[in-house]
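# please work out how this folds:
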Amino acid sequence: MGLRAEMPLLARHEGEWEGEYRHLGPAGELLDRHRVRMTCEIRDDAVYHQTNRYTWDDGRTEVHEFPGTYLGGGRCGFDTERLKGEFWELDASTIYLTWQFKGQDLRLFELIVLSEDGCSRSRVWQWLRDGVCVRRTLIDERRAG
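Alright, predicted model coming up:
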């Protein structure tokens, strides 16, 4: 059985997404805002790969690649130079992720909720240091292809 059958919700995320990230401090103040164009793909029905392209209004850009490995049992993992984590499907519309930036005492937890029609998704990150939430990131995206 391939990754698309093992993680059918993940397969529904395949494609191009565009949206906006809003990073908020603990009191809800806006810390940062930028646009994203993201490519989500399952290669050879065996591995997940995600490319995030961020753009700020001042012209800065960043590109990050997230190669995922299927771990079995409906879980994928990723391990890059910057971070390491895992994700799995909670139900027919929600994916849960947890990851940690390498060399930092900072853990992140994310929920991704895909709309029923598959055309939009909302994502929420919580950034915790020593068990205290130090930042939240709100992400709204629309399918772009």
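
# alpha carbons only for contacts and neighbour counts from here, please
OK.

# any chance you could map the helices in this structure?
Remark: helices assigned in the chain by DSSP state H are 3-6, 8-12.

# how about those helices in a markdown table, adding mean pLDDT?
Below are the helices of the chain laid out as a markdown table (pLDDT from 0 to 100):
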| stretch | mean pLDDT |
| --- | --- |
| helix 3-6 | 94 |
| helix 8-12 | 97 |
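
# count of neighbours near the nearest residue to Arg142 once chain neighbours are set aside?
Leaving aside its chain neighbours, Arg142 sits nearest to Ser120 (4.4 Å; criterion: CA to CA, 6 or more residues apart in numbering). Burial of Ser120 is recorded as 18 neighbouring residues (other CA atoms under 10 Å).

# what's the spacing between Ser120 and Arg82?
27 Å (CA to CA, to the nearest Å).

# same check on Gly145?
When Gly145 is compared with Arg82 (using CA to CA), they lie 28 Å apart.

# same check, this time on Glu116
For Glu116, the distance to Arg82 - CA to CA - is 33 Å.

# all strands of the chain, in order?
15-24, 30-43, 47-55, 61-72, 75-79, 83-89, 94-101, 107-114, 120-129, 132-143 (DSSP state E).
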